[in-house]
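Trainee: structure for the following, please:
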Amino acid sequence: ALCEVAGASVKMNPVLGSASVTRRGGTNPAVFVPFETQATVAGKPVPLPLAPFAAHGVVYVPVLPLLSAWNGTAALDKDLGVMTLTLPGRNADQPTVLALPFSYQAGMPMQYTDTDTELYVVNLDGSNQRRLTFNTGDDALPAFSPDGRKIVFTRNGTLIARPLYGRQETELPRPDVTDPDLATSLYYPLGFAAGGAEIIFVRNPPRSNAKTSEIFSTRVDDTGAVKSLGKGNLASVSPNGKYIAFISRGDTPGHMKVNVMNADGSNLRVIDAAGGWRMSPLFSPDSTKLLYNHADLTPDGKPRMSLALCPLAGDPAPLILTPADQQDMDELDARFSPDGTQIVFMRDKAGIWLTSADGKTRRQLVESAKGLPAFTPDGAGIIYYGDNSLMQVGLDGQNADALTKRIAPTSFAIVPGNQQLLILAVPMP
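Mentor: Below is the predicted model of the structure:
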């Protein structure tokens, strides 16, 4: 109805899986709306639009991309049950207005009900935001191939492989399960190995911990067997794809160890076995050091997470980056700068902070933030999660700019070798 009133033509391309919508009589660009062929009539496939706008079983054509491209607006009136769409006309004082009915459950407000986490990409300057996935599951925790062209992520605990910009998805094999307690396990990718041919992943059973979680590897092209690499969790893969760092549990409660092994499971070695809590190991960009959360139990029985940096070679004595007089707050979500000389992190209730990798300097960068700080590829700025948007700010902490629109991000990653972000987010109206 919107296209008819606006004078727009629609062309479906089943090969590309997109519909091209062009508004006639103006300079408005064509808009590409993904769809899937999901129904047949008289033996012929019928393209059904993938609609991010749905409410109580009533599915609407995805009008938001069209409104955005045509500088239109939408207003919802739940009392009247009308969605009013307004498009600029050829004359400024004669806009095109279309009123469409919508359905809602009595006593419930009309709302944007696509609450599944989807994959998006956006340029680092905030332009060209695009949605990549349209499904009924939550997408999360993407891992990139070394060239940035492929990703493996989890959808409701199942491993999915796909080209970053393609549509063909492959469900990767799981290890055989004979223990009924493992039947409902969730699987999460950690990173690529073997030059991008293999994916390292972890299996987390219900009530998982360092004794029950297990690390595996398999080929991304789904041609090889699944191989167990050993028990452990909270793991990561080094940027060069050669090593895996993970946490294992010690012999006494509250005793955790930081371990590193080769990507094939060989050459297992303990990096930190001093006791206390250890979490979230992360390799430096050159794969020679390990950053992790370090804490011992305080007198009140609660650990305070500090930052520790440990070399993989030589004497692996950890350097505690958090000064003793600042260990009253948790320091989490740490990430290296591209050259490995700085670390950005969240300081509980105190915003985003920067520290040098030698621990000699530290300062607050952003006073209020929700989390997920990371350096831009050039190291000149920080991207972080603000109020329902990803934000970018310089290292001076001034002039933060929003990068995303109409989505609620849950996490993001920088595409290797590219000036783009891959974002996991819930669509918003």
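Trainee: distance across stretch 194-203, terminal residue to terminal residue?
Mentor: Distance between the two ends of stretch 194-203: 20 Å, counting by C-alpha to C-alpha, to the nearest Å.
Trainee: what is the host helix or strand of residue 203 packed up against?
Mentor: Using DSSP states H and E, residue 203 maps to strand 198-204. Packed against strand 198-204, as judged by 3 or more C-beta pairs under 8 Å, 6 or more residues apart in numbering; DSSP states H and E, are the following elements: strand 158-163, strand 186-193, strand 214-219, strand 233-237. (Glycine included, C-beta is placed from N, CA and C.)
Trainee: for the closest residue to residue 416 other than its chain neighbours, list the residues it contacts.
Mentor: Leaving aside its chain neighbours, residue 416 sits nearest to residue 148 (3.7 Å; criterion: C-beta to C-beta, 6 or more residues apart in numbering). Contacts for residue 148 (C-beta atoms under 8 Å, 6 or more residues apart in numbering) come out as 164, 415-418.
Trainee: now do the phi/psi pair for residue 148.
Mentor: phi 80, psi 10 (degrees, to the nearest 10).
Trainee: pull the distance from the strand or helix carrying residue 373 to the chain's centre.
Mentor: Secondary structure assigned from DSSP H and E places residue 373 in strand 371-375. Centroid separation for strand 371-375 versus its chain: 12 Å, with C-alpha atoms, centre = their mean, to the nearest Å.
Trainee: straight-line length of stretch 311-324, end to end?
Mentor: One end of stretch 311-324 to the other measures 21 Å (C-alpha to C-alpha).
Trainee: over to stretch 164-179?
Mentor: Chord length of stretch 164-179, first to last residue, is 35 Å (C-alpha to C-alpha).
Trainee: over to stretch 340-355?
Mentor: Start-to-end, stretch 340-355 (C-alpha to C-alpha) is 11 Å.
Trainee: contacts made by it with the rest, please.
Mentor: Contacts for stretch 340-355 (C-beta under 8 Å, 6+ apart): 284-286, 289, 291, 307, 309, 321, 329-337, 356-357, 361-369, 371, 373-375, 379, 382, 384, 395.
Trainee: and these, which of them are buried?
Mentor: Taking 16 or more other C-beta atoms under 10 Å as the criterion, what is buried in these is 284-285, 289, 291, 307, 309, 321, 330-331, 333-337, 357, 362, 365-366, 369, 373-375, 382, 384, 395.
Trainee: re earlier: mind checking how far the residue nearest to residue 416 is from residue 378?
Mentor: Residue 148 sits 16 Å away from residue 378 when distances are taken as C-beta to C-beta, to the nearest Å.
Trainee: next: residue 267.
Mentor: 35 Å.
Trainee: check contacts around the closest residue to residue 122 other than its chain neighbours.
Mentor: Once flanking residues are discounted, residue 122 sits nearest to residue 129: 4.2 Å by C-beta to C-beta, 6+ apart. Residue 129 makes contacts with 120-122, 404-405, 407, as judged by C-beta under 8 Å, 6+ apart.
Trainee: what about stretch 249-256, average pLDDT?
Mentor: Across stretch 249-256, the average pLDDT comes to 75.
Trainee: end-to-end on that stretch?
Mentor: For stretch 249-256, the end-to-end distance is 4 Å (C-alpha to C-alpha).
Trainee: going forward can the numbers begin at 11, since that is how I track them
Mentor: Fine by me, first position is 11 from now on; the one you just mentioned is stretch 259-266.
Trainee: and that stretch, how far out from the chain middle?
Mentor: Offset of stretch 259-266 from its chain centre (C-alpha atoms, centre = their mean): 31 Å.
Trainee: could you do stretch 364-378 as well?
Mentor: 25 Å.
Trainee: what does stretch 391-402 give?
Mentor: 13 Å.
Trainee: which other residues reach it?
Mentor: Residues outside stretch 391-402 that contact it (C-beta under 8 Å, 6+ apart): 132, 134, 136, 354, 362, 375-376, 379-386, 403-405, 410-415, 418-419, 422, 424, 431, 433, 438.
Trainee: what does stretch 278-286 give?
Mentor: Against stretch 278-286 from outside (C-beta under 8 Å, 6+ apart): 240, 255, 260, 262, 264-271, 288, 300, 302, 304-307, 313, 318, 320, 322, 326, 328.
Trainee: returning to what we had before: and the residue nearest to residue 426, how far from residue 320?
Mentor: Distance of residue 158 to residue 320, given as C-beta to C-beta: 28 Å.
Trainee: helices along the chain, start to end?
Mentor: 12-16, 74-79 (DSSP state H).
Trainee: now residue 207. Nearest residue, chain neighbours left out?
Mentor: Nearest residue to residue 207 in three dimensions, chain neighbours excluded: residue 229, at 6.0 Å (C-beta to C-beta, 6+ apart).
Trainee: tell me how many other residues crowd that neighbour.
Mentor: For residue 229, the count of nearby residues is 17 (other C-beta atoms under 10 Å).
Trainee: so it versus residue 161, what's the distance?
Mentor: With C-beta to C-beta as the criterion, residue 229 and residue 161 are 15 Å apart.
Trainee: first-to-last residue distance for stretch 215-222?
Mentor: 7 Å.
Trainee: state the mean pLDDT of it.
Mentor: 65.
Trainee: same check on stretch 194-203?
Mentor: 90.
Trainee: show me which residues of that stretch are buried.
Mentor: Using 16+ other C-beta under 10 Å as the test for burial, stretch 194-203 gives 195-203.
Trainee: pLDDT score for residue 298?
Mentor: pLDDT, residue 298: 95.
Trainee: pull the residues that contact stretch 253-260.
Mentor: Stretch 253-260 is contacted from outside by 200, 210, 219-221, 225, 239, 241-248, 265-273, 281, 283, 285, 288-289, 291-293, 297, 300, 302, 322, using C-beta under 8 Å, 6+ apart.
Trainee: for ChimeraX, write the select line for the buried members of those.
Mentor: In ChimeraX, a selection of the buried entries from those looks like this (16+ other C-beta under 10 Å):
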select :200,210,220,225,239,242,243,244,245,246,247,248,266,267,268,269,270,271,273,281,288,289,291,292,293,297,300,302,322
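Trainee: quick one: the strands in the stretch 111-260 of the chain, in order.
Mentor: Using DSSP state E, counting those that start in this stretch, the strands of the stretch 111-260 of the chain run over 128-133, 140-141, 149-154, 160-165, 168-173, 180-181, 196-203, 208-214, 224-229, 237-241, 243-247, 253-259.
Trainee: quick one: the first one to strand 168-173, angle?
Mentor: Calculated by axes from the mean of the first three to the mean of the last three C-alpha atoms, to 10 degrees, strand 128-133 forms an angle of 30 degrees with strand 168-173.
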